[in-house]
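Participant: Starting from these lines, generate the structure:
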Amino acid sequence: MTWLVAIIVGGIIGWIASIIMSTDSQQGILANVLIGIIGSLAGSWLFGSILGIGSAQSAGTFSFWGIVWGVLGAIILIAILRAFKVFS
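Facilitator: Next up, the predicted model:
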């Protein structure tokens, strides 16, 4: 059941980040889920572990702050992918 929640929340996070970064037309549902899950992990690591922002440890959880930190991590991931010309 935990994996199902991770896939659903990852899809929501990836979808929101792709709309913000204007890459929604280039991504499918699988890319949204992957970017959402990996972006949440990156957001939790960067903002929570490295910068020490306490609520960032909840990135990727089904809560308001979990989705906010997950979307920020996914936006950073999309920006990195754009730098490597994965998305134009």
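
Participant: Tell me which residues of stretch 78-87 come out buried.
Facilitator: Residues of stretch 78-87 classed as buried under the neighbour-count rule (16 or more other C-beta atoms under 10 Å) are 78, 87. (C-beta placed from N, C-alpha, C; glycine too.)

Participant: Next: stretch 57-77.
Facilitator: Residues of stretch 57-77 classed as buried by neighbour count (16+ other C-beta under 10 Å): 57-61, 66-77.

Participant: What's the mean pLDDT across stretch 36-56?
Facilitator: Stretch 36-56 comes out with an average pLDDT of 88.

Participant: neighbouring contacts of that stretch?
Facilitator: Surrounding stretch 36-56, the residues in contact under the criterion C-beta atoms under 8 Å, 6 or more residues apart in numbering are 6-7, 9-15, 17, 57-60, 65-66, 69-78.

Participant: what distance separates the start and the end of it?
Facilitator: For stretch 36-56, the first-to-last residue distance is 15 Å (C-alpha to C-alpha, to the nearest Å).

Participant: Which stretches in the protein count as helices?
Facilitator: Counting by DSSP state H, the chain has these helices, from start to end: 2-20, 29-43, 64-83.

Participant: Let me have these in CSV, extended by distance to Gly52.
Facilitator: Rendered in CSV, the data for those read as follows (distance: least, C-beta to C-beta, whole Å):
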stretch, distance to Gly52
helix 2-20, 22
helix 29-43, 14
helix 64-83, 13
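
Participant: distance of Ala74 from Gly39?
Facilitator: Ala74 sits 3 Å away from Gly39, taking C-beta to C-beta, to the nearest Å as the criterion.

Participant: between these two, what contacts are shared?
Facilitator: Counting by C-beta under 8 Å, 6+ apart, the shared contacts of Ala74 and Gly39 are 13-14, 17.

Participant: now the nearest residue to Trp65 once chain neighbours are set aside: how far from Val33?
Facilitator: For Trp65, ignoring the flanking residues on the chain, the nearest one in space by C-beta to C-beta, 6 or more residues apart in numbering is Ser55 at 4.7 Å. The spacing between Ser55 and Val33, counted by C-beta to C-beta, is 23 Å.

Participant: If anything else comes up later, I'll come back, but that's it for now.
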